[in-house]
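Chemist: would you be able to build a 3D model of this:
(2 chains)
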Amino acid sequence: MTTMAVTLPLPPVVSATPSSITLTNLDEAKPKTTAKDSSSPTGYFKNCKTMNELRQIHCNITKKGICHSPSSVTKLIAACAEMGSSESLHYARKAFECYNGDGGTTGLLFMYNSLIRGYSSAGFGGDAILLYIEMVVAGIVPDKFTFPFLLSACTKVVGFFEGSQAHGAVFKMGLEEDVFIGNSLVHFYAECGKIDYARKVFDGMLERNVVSWTSLICGYARRNCPEEAVYLFFEMVETGVRPNSVTMVCVISACAKLKDLELGEKVSAYMGEAGVKLNTLLVNALVDMYMKCGAIDSAKRLFNECVDRNLVLCNTIMSNYVRQGLVREALSVFGEMLQQGPRPDRVTMLSAFSACAHLGDILFGKQCHGYILRNGLEGWDNISNAMIDMYMKCGKQEMAHRVFDCMSKKTVVSWNSLIAGLIRNGKVESAWEIFKDMPDSDLVSWNTMVSALVQESMFVEAIELFRVMQNEGIIADRVTMVGIASACGYLGALDLAKWILTYIEKNDIHCDMRLGTALVDMFARCGDPQSAMQIFNKMVRRDVSAWTAAIGAMAMEGNGEQAIDLFNEMLGQEVKPDEVVFVALLTACSHGRSVDQGRHLFRSMTEIHGIPPQIVHYGCMVDLLSRAGLLEEALDLIKSMPMEPNDVIWGSLLAACRNHKNVQVAAYAAERITKLASERTGIHVLLSNIYASAGKWTEVAKVRLQLKEKGVHKVPGSSSTEVNGIIHEFTSGDESHSENTQIALMLQEINYRLRDAGHVPDLSNVMLDVDEKEKEYLLSRHSEKLAIAFGLISTGQGMPIRVVKNLRMCTDCHSFSKLVSRIYEREIVIRDNNRFHFFRQGYCSCCDYW
DNA sequence: GTAGGGTTAG
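Modeler: Next comes the predicted model:
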């Protein structure tokens, strides 16, 4: 029922909008004495369960002619209000209209109160507010019972303006000391998101009871301030107020939000002390808390022990199972529900669809769709949205579109599910087109697109979209920032990184573990390990991913020792290592040339941590050993692998053979690599480059041909540098930059000065069959050189130049950078696809080992 | 008369 369903005979002086509650209406009315109507029939409607029963009784007493007293009408209205269906309320309203004006003010007041309560508790807050207006206009003075009902109605429609007006009326009437009204005001303000106002009312209350405390605790818990809620709970207990089951439900849900099991159990201990008995709502809150805290077994036990599992409890455990990725468990609960009840409802089906989506199980998904249709559960937008998501995740785009097209009321979630689904199925372009024309979009829509661009490696575009968000006045949240931080990290744009951090602080964006980790990673990739560690040290909670980001920061810098120290600290804090952290560790050892440490860590994986090394770990070890020149040991390790070595493994060995000039092992590796007939461009390029540097141009041509046949091309080298917040990208030999002439002149000057300093270009880095002069020209136009030249002309003297390169640096560019850093007295930081190089005063932090 | 549970998309 909406406000339109009941036609209210409102006086013409008052507009139909709820905002017309005014204080003057109240001022004109004068309080009247109340009198009890003793002659009315009592209890007629008391035990009515259904509308039919009620109608029957009403009919009977009407026949007897005893229904005309105001009291009996009041009781009828109360009974209808109690039922809370739109039908019963409609009946009540009609009965009320028949008697309007007849029963004296007292009787009318009771009727109004009853009806307002009924509308409010049945969720028709708007109708309740309108009724209040009508009552005031009719000259009926509200009493202290009216306001809790009215405020509850205002809460339901989040009518902040209306509620504030009611608050004003409470003051005018001198009712502010009533504890029920105080409690209602606390609840109202909290639900409107004005938790500070709620607190103010609470602090000003002369009398407080358990409901006052509970209302505020609940307010904090729901407003995402669970710490405050728990704190308030302990304060309440200390004050000597005993919690009841409602309080416990609120505070336990706060613990669930905090994901703090220890606290949850501590809080639960008060139940015994306070003598609070478990009811279904409380069991539900506990199960939810245990699940969210990861204590799956405790949740399961409680759930199994509960004899009268109701629908909500089943839904709670199911949705949590799905969220935790325990889809099989969720489906087992679902199966039991189908067999022995409670009967799945729409909320159950949301979890069921989510489970199908997780599994990508289209058969089961279709069965669920069938269940919806058979049981008349369709036509609810949430269900359709969940189905769009499910079909998309199962790769059934046409079905998703069909569900979408059939929706009569598409919500923003429908659109978001559609674009996210398209992106997941590789249709980023279509998603973008839809995104641009969506009838309404929200933060999730923007975040979806930002993440999609990041996922597609379109980092500049992602940041561009973020800028558009700024211009449109949309405040990003932590999900946006995770995507943007990631994009910024890939671009290695340090100024942008610093700006991002300021933005987060300025906009008070909560930095959770995920965002913290993303920021650590961002600064690490931007070549600022100090800032990375500063953020890491400030993080309250750190999981293995957070530690991995910090260890990775050390690895990129080539600081193997500190990486190991961090790892030991992590173990000391009883954080369980995973496969990923070992990749970071072994990489750190590789960059730091710590062969012994690497061997030790690699062994410890199986011997201490019970993590069997995967191919990627073997890859790291082969890289570590072969770079250090231990080619034979690397080869032995490859031969001992329990799995088939891939092209990456042979590639590392091959690359090392080139540096250590071991033709024998190289030939063996090359043979293996060609046998794998891999489609990885890098390897073929490397192979072709090895042949090229040995002058075997026929072989080079052969490999190039293979590449062409497979449709793969050499990834062109590209470097980017950030100047004044703008990212300038250069590809090898690029002439497209607007300042191309100045860049060319600068390069010329650099090369003269380098030659004077005795630099001889290393032409073996040019892997093409061209003459020397051409080779020298090509070499001088490598993308990082262009970026450095641009950096020199566009930034002030002494400013560091930061460059991000997509491929590994060649030896000529490396010695070029070293000399430029000395001659021009500039710090040059280059991140290649493997690590960082900090060039200062003619030296590089990698000690020429990369 | 006031306070409490499960809900899809990034």
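Chemist: check contacts around the closest residue in space to A:Ala190 that isn't next to it in sequence.
Modeler: What sits nearest to A:Ala190 in space, not counting adjacent residues and going by Cβ to Cβ, 6 or more residues apart in numbering, is A:Gly219, at 2.6 Å. Bear in mind the C-beta positions are built from the backbone N, C-alpha and C, glycine included. Contacts for A:Gly219 (Cβ atoms under 8 Å, 6 or more residues apart in numbering) come out as A:186-187, A:189-191, A:195, A:198.
Chemist: want to throw the residues you listed into a markdown table with pLDDT and distance to DNA strand B?
Modeler: Below are these laid out as a markdown table (pLDDT from 0 to 100; distance: Cβ to the nearest atom of the strand, whole Å):
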| residue | pLDDT | distance to DNA strand B |
| --- | --- | --- |
| A:Val186 | 97 | 8 |
| A:His187 | 96 | 4 |
| A:Tyr189 | 95 | 12 |
| A:Ala190 | 95 | 9 |
| A:Glu191 | 93 | 7 |
| A:Ile195 | 93 | 14 |
| A:Ala198 | 95 | 11 |
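Chemist: so which pair among those residues is furthest apart in space?
Modeler: In those, two members sit farther apart than any others by Cβ to Cβ. They are A:His187 and A:Ile195, at 11.2 Å.
Chemist: need the contact list for the residue nearest to A:Pro342 when sequence neighbours are not counted.
Modeler: Take A:Pro342 and drop its neighbours on the chain: the residue closest to it by Cβ to Cβ, 6+ apart is A:Leu311, 4.3 Å away. By Cβ under 8 Å, 6+ apart, A:Leu311 lies in contact with A:342-343, A:345, A:347-348.
Chemist: got the buried residues for stretch A:151-170?
Modeler: A:151-157, A:159-160, A:162-167, A:169-170 (16 or more other Cβ atoms under 10 Å).
Chemist: so what's the residue sitting nearest the centre point of chain A up against?
Modeler: For chain A, the residue nearest the mean C-alpha position is A:Val479 (4.8 Å; Cα atoms, centre = their mean). Contact analysis of A:Val479 by Cβ under 8 Å, 6+ apart lists A:443-444, A:447, A:451.
Chemist: could you check whether the helix or strand containing it is close to DNA strand B?
Modeler: Applying DSSP states H and E as the criterion places A:Val479 in helix A:478-491. Yes: Helix A:478-491 lies within reach of DNA strand B by Cβ under 7 Å from any atom of the strand, at A:479-480.
Chemist: what lies in contact with stretch A:838-850?
Modeler: Stretch A:838-850 has contacts (Cβ under 8 Å, 6+ apart) with A:527, A:557-558, A:591, A:593, A:627, A:808-809, A:814, A:817-822, A:827-830, A:832, A:834-837.
Chemist: please name the bridge partners of A:Ile726.
Modeler: On the basis of DSSP bridges, A:Ile726 is bridged to A:Val723.
Chemist: okay, now it: neighbour count?
Modeler: 12 (other Cβ atoms under 10 Å).
Chemist: from A:Ser736, how far off is it?
Modeler: 15 Å (Cβ to Cβ, to the nearest Å).
Chemist: what of A:Trp499?
Modeler: The gap separating A:Trp499 from A:Ser736 is 27 Å, by Cβ to Cβ.
Chemist: these two: which is more packed in?
Modeler: Higher neighbour count among A:Trp499 and A:Ser736: A:Trp499, with 13 against 8, using other Cβ under 10 Å.
Chemist: just the element for the more buried one, please.
Modeler: helix A:494-506.
Chemist: what does A:Glu177 give?
Modeler: Using DSSP H and E, A:Glu177 sits within no helix or strand.
Chemist: what residues sit buried inside the helix holding A:Trp499?
Modeler: In helix A:494-506, counting by 16+ other Cβ under 10 Å, buried: A:494-497, A:500-501, A:503-504.
Chemist: for stretch A:251-269, same thing?
Modeler: Buried residues in stretch A:251-269, counted by 16+ other Cβ under 10 Å: A:251-258, A:260-261, A:263-265, A:267-268.
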